[in-house]
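A.B. asks: With the input below, show me the fold.
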Amino acid sequence: MKIAATPKDKLFQTAARLFYQHGYRAIGVDTIAAESGIGKMTLYRHYPSKDDLIVAFLHQSNEDFWSYFEQSTNDSATAREKLLAFFQALQNYAVSPECYGCPFINVATEFPETDYAGHQVALEHKQAVRSRFNRLAREAGARQPEVLANALHLLMDGAYMAARMYGASADNPAADVAEAARQLIDAQCVV
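C.D. replies: Purely as a prediction, here's the structure:
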């Protein structure tokens, strides 16, 4: 038996979909209320401001990302294999019609002010990703783990930007991100 979504859940799911597909500034509370079928008063009862809704979406996106990361690397025995598995999963996602880029890059682009709460959540997320890449690079035996971690971080963000720019088209350069990651890893790690 399927449990009906609460008004708060329905508002959140609608806002998350709209923010991810269309951006944060392009979507107003009127659109969220109209698309969800829930009134603005109810929206403001659960989320006092649009910024609160954006931050909630980013926190959920962070949780989703780490679940995705674990799921895509779970069957990998070594740190090197985990990095390669993550980039293969990223490639599959970045060339799919479901990918609209990275919600963290998107918020930092639309709200470049570093004191904006959403920007801060995005920065924390990206720092955690770099830290994980750095740890895995060390475990994989990289000669310069921080250099490899930074390169992989930039490669990941480039794939997300390519997904946003090219979508699921045949000429999306993210179609080669797994091979690019393998080459970086091979260049840094003694196999």
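A.B. asks: Tell me which residues touch Tyr116, please.
C.D. replies: Under the criterion of C-beta atoms under 8 Å, 6 or more residues apart in numbering, the contact partners of Tyr116 comprise Asp51. Placement of C-beta: from N, CA and C, glycine included.
A.B. asks: can you check Asn62 too?
C.D. replies: Going by C-beta under 8 Å, 6+ apart, the list of residues near Asn62 reads Phe104, Val121, Glu124, His125, Ala128.
A.B. asks: low pLDDT regions in the chain?
C.D. replies: Low-confidence regions of the chain, defined here as pLDDT under 70, cover residues 1-4, 191.
A.B. asks: returning to that earlier point: give the PyMOL command for selecting the buried subset of the contacts of Asn62.
C.D. replies: The following PyMOL selection, which keeps only the buried ones among the contacts of Asn62, applies the criterion 16 or more other C-beta atoms under 10 Å:
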select buried, resi 104+121+125
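A.B. asks: Can you list which of the contacts of Asn62 are found in helices?
C.D. replies: Of the contacts of Asn62, the ones assigned to helices by DSSP state H are Phe104, Val121, Glu124, His125, Ala128.
A.B. asks: With respect to Asp9, which of those is nearest?
C.D. replies: Proximity of the ones in helices among the contacts of Asn62 to Asp9, judged by C-beta to C-beta, is greatest for Val121, which lies at 20.4 Å.
A.B. asks: right, and the closest one touches His59 too?
C.D. replies: Yes. In terms of C-beta atoms under 8 Å, Val121 counts as a neighbour of His59; the distance is 6.5 Å.
A.B. asks: hmm, back to that, so which of the contacts of Asn62 is the closest to Phe69?
C.D. replies: For the contacts of Asn62, the closest approach to Phe69 (C-beta to C-beta) belongs to Ala128, at 10.1 Å.
A.B. asks: Helix or strand: which one has the nearest residue to Asn134 once chain neighbours are set aside?
C.D. replies: Using C-beta to C-beta, 6 or more residues apart in numbering and skipping the chain neighbours, the partner closest in space to Asn134 is Ala149 (3.8 Å). Secondary structure assignment for Ala149, by DSSP states H and E: helix 145-166.
A.B. asks: Show me which positions of that helix end up buried.
C.D. replies: Along helix 145-166, the positions that meet the burial threshold by neighbour count (16+ other C-beta under 10 Å) are 145, 148-149, 151-153, 155-157, 159-164, 166.
A.B. asks: which residue is nearest the centroid of the chain?
C.D. replies: Most central in the chain under C-alpha atoms, centre = their mean is Cys102, positioned 4.2 Å from the mean C-alpha point.
A.B. asks: Double-check that residue against Tyr160; I have them as touching.
C.D. replies: Yes. Because the distance of 3.7 Å satisfies C-beta under 8 Å, Cys102 is recorded as touching Tyr160.
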